[in-house]
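S.K.: Coordinates only, no sequence provided:
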């Protein structure tokens with residue numbers, strides 16, 4: 001009994017700490033317009049710079065630390081169970097709403113890591129033109145791209161870090177063909193969530209490493225682009241059956257059934273409010289996914305303390321929820337002092353070709369080195385690859401630490417291995433089938 005009391009206290013304290021860290025605007029009760037979330041690589045240079053300007057300001061105000069802290073404090077409630085999709089959709093909308101406090105026309109894009117799944121080194125999103133790639137070998141600090149030389153204050157003062165799984169490379173990700181195999185076979189929300197979370201979702205976190213493989217990963221803006229892709233995948237699966245916009249199933253972290261009426265941790269809003277991306281307060285669609293029906297769902301009233309806004313769910317449906325909440329004054333934000341590791345960063349134009357040690361087998365590492373040939377041009381890289389290599393299995397200890405399902409991850413590993421084998425067969429025999 002004492003154990004469960006301690007857990008409950010920890011959850012309450014975690015939510016209070018997270019909510020006090022940065023603004024938490026309430027969802028609007030209607031949509032004045034519906035925006036389109038797009039692949040970030042399709043944005044014009046001006047649109048890319050506009051997005052970069054917004055997220056740099058969010059970092060300056062300390063909001064990235066707030067997102068990292070919030071996600072970390074309640075991580076066990078939102079991973080490894082069927083709150084995963086709904087909660088992260090709300091989390092993304094929270095991020096986007098704070099973007100819009102800075103620029104009312106800002107829209108969150110997504111990162112389609114499936115485009116360069118077999119050679120992420122060639123992905124422009126991981127280049128200096130976008131969000132930079134691997135951290136510097138001496139301290140893993142990100143020193144190029146939009147987040148170059150960023151400091152963070154959560155969980156400790158340090159630079160923003162990435163540490164690729166194989167030193168100089170991430171290893172491969174999931175091809176979209178494997179993702180769509182899951183879409184075609186998963187019949188329930190619980191099945192689909194488990195297969196995506198323990199497969200395509202996890203491998204990207206593990207591949208990028210550093211802060212990105214921790215539960216405070218939202219200190220990195222790229223987290224939100226990755227999860228926008230995961231959200232897009234869920235939206236596409238939903239679009240295949242109208243009932244998926246109305247119902248969910250499965251269990252939460254306390255092994256209680258998850259339904260449309262279940263409350264989401266931190267937000268105190270019911271899961272059903274997230275089921276339509278163009279529903280009240282969400283108001284977006286994806287560029288290549290059929291738009292869902294706009295479903296109005298009145299949230300249940302649940303009293304939840306919000307230290308940042310002093311608003312509870314008893315305000316739902318009132319005029320107060322229709323008003324945009326003020327931005328937290330800069331002087332009240334978390335301090336963004338640079339850590340010594342950031343201050344000591346020196347300009348360097350040298351390429352990082354080092355390979356760090358890891359726990360993968362020698363055969364796996366050899367395959368990864370064969371695959372990642374450090375060629376930016378995708379066509380040239382593909383021509384040099386005799387066979388595409390599937391992502392290596394995720395370490396069971398890593399999975400357990402993050403509340404993932406080891407058995408499901410093993411099943412998903414077999415699925416993606418089989419898909420990549422089919423792709424290699426088709427390449428060899430010239431069938432012309434897409435490698436994506």
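M.R.: Sure, I can see it. What you see is a predicted model; the values in this text were computed from it and never measured. Numbers count the residues shown, from 1 in each chain.

S.K.: For the rest of this, base every contact and every neighbour count on C-alpha atoms.
M.R.: Fine.

S.K.: tell me which element residue 413 is part of?
M.R.: Assigned by DSSP states H and E, residue 413 belongs to helix 406-428.

S.K.: surely residue 149 meets residue 139?
M.R.: No - Residue 149 lies out of contact with residue 139 (C-alpha atoms under 8 Å); the separation is 11.7 Å.

S.K.: Name the residue closest to the centre of this structure, please.
M.R.: By C-alpha atoms, centre = their mean, the chain has its centre lying nearest to residue 227, at 2.7 Å.

S.K.: any idea how far residue 137 is from that one?
M.R.: Residue 227 sits 27 Å away from residue 137, going by C-alpha to C-alpha, to the nearest Å.

S.K.: got it, and residue 36?
M.R.: 38 Å.

S.K.: same check, this time on residue 59
M.R.: 24 Å.

S.K.: between the two, who's got more neighbours?
M.R.: Higher neighbour count among residue 59 and residue 137: residue 59, with 21 against 17, using other C-alpha atoms under 10 Å.

S.K.: Is that one in a helix, a strand, or coil?
M.R.: Following DSSP: H, G, I helix; E, B strand; the rest coil, the label given to residue 59 is helix.

S.K.: before we move on, back to that, helices and strands around the helix holding residue 413, which ones?
M.R.: Packing partners of helix 406-428 (3 or more C-alpha pairs under 8 Å, 6 or more residues apart in numbering; DSSP states H and E): helix 176-185, helix 189-196, helix 396-401.

S.K.: can you redo the ones you listed as JSON lines with distance to residue 121, mean pLDDT and mean neighbour count?
M.R.: As requested, the helices and strands packed on helix 406-428 are exported to JSON lines (distance: least, C-alpha to C-alpha, whole Å; pLDDT from 0 to 100; neighbours: other C-alpha atoms under 10 Å):
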{"stretch": "helix 176-185", "distance to residue 121": "17", "mean pLDDT": "98", "mean neighbour count": "17"}
{"stretch": "helix 189-196", "distance to residue 121": "23", "mean pLDDT": "98", "mean neighbour count": "20"}
{"stretch": "helix 396-401", "distance to residue 121": "23", "mean pLDDT": "92", "mean neighbour count": "13"}
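
S.K.: do you know which of those lies nearest residue 407?
M.R.: For the helices and strands packed on helix 406-428, proximity to residue 407 was assessed by C-alpha to C-alpha; helix 396-401 is nearest, at 9.1 Å.

S.K.: rewinding a little: want to throw the helices and strands packed on helix 406-428 into a markdown table with distance to residue 49?
M.R.: Formatted as a markdown table, those follow (distance: least, C-alpha to C-alpha, whole Å):
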| stretch | distance to residue 49 |
| --- | --- |
| helix 176-185 | 28 |
| helix 189-196 | 31 |
| helix 396-401 | 36 |
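
S.K.: between those, which one is nearest to residue 244?
M.R.: Taking C-alpha to C-alpha, helix 189-196 is the member of these nearest to residue 244, at 7.8 Å.

S.K.: avg pLDDT for whichever helix or strand comes after the closest one?
M.R.: Per DSSP H and E, the first helix or strand lying C-terminal to helix 189-196 is helix 202-208. In this model, helix 202-208 carries a mean pLDDT of 97.

S.K.: tell me which strands and helices the next helix or strand after helix 202-208 is in contact with?
M.R.: Next along the chain after helix 202-208, taking DSSP H and E as the criterion, comes helix 221-238. In terms of contacts (3+ C-alpha pairs under 8 Å, 6+ apart), helix 221-238 is packed against helix 84-102.

S.K.: which is the next helix or strand following the helix it packs on?
M.R.: Going down the chain from helix 84-102, the next helix or strand is strand 151-152, by DSSP H and E.

S.K.: how far is that next one from where the chain is centred?
M.R.: The chain centre lies 19 Å from the centre of strand 151-152; the measure is C-alpha atoms, centre = their mean, to the nearest Å.

S.K.: picking up where we left off before, would you mind confirming that the residue nearest to the centre of the chain is in contact with residue 88?
M.R.: Yes - contact criterion C-alpha under 8 Å: residue 227 and residue 88 qualify, at 7.4 Å.

S.K.: Centre of the chain to the strand or helix carrying residue 68, how far?
M.R.: When elements are assigned from DSSP H and E, residue 68 belongs to helix 63-73. Averaging C-alpha positions (C-alpha atoms, centre = their mean) puts helix 63-73 13 Å from its chain's average.

S.K.: Next SSE downstream of it?
M.R.: The C-terminal neighbour of helix 63-73 among helices and strands, as given by DSSP H and E, is helix 75-78.

S.K.: model confidence over that next one, on average?
M.R.: Helix 75-78 carries an average pLDDT of 96.

S.K.: Going by contacts, tell me the helices and strands next to it.
M.R.: Secondary-structure packing of helix 75-78 (3+ C-alpha pairs under 8 Å, 6+ apart): helix 84-102.

S.K.: Could you pull up the mean pLDDT of the helix it packs on?
M.R.: Mean pLDDT, helix 84-102: 98.

S.K.: and that helix, which residues are buried?
M.R.: For helix 84-102, burial by neighbour count (16 or more other C-alpha atoms under 10 Å) applies to 84-101.

S.K.: now swap in stretch 50-60 and tell me
M.R.: Buried residues in stretch 50-60 (16+ other C-alpha under 10 Å): 51, 52, 54, 55, 56, 58, 59, 60.

S.K.: Go ahead and measure how far the helix or strand harbouring the second one is from the middle of the chain.
M.R.: Spelled out, it's residue 52. Using DSSP H and E, residue 52 falls within helix 45-60. Distance of helix 45-60 from the chain centroid (C-alpha atoms, centre = their mean) equals 18 Å.
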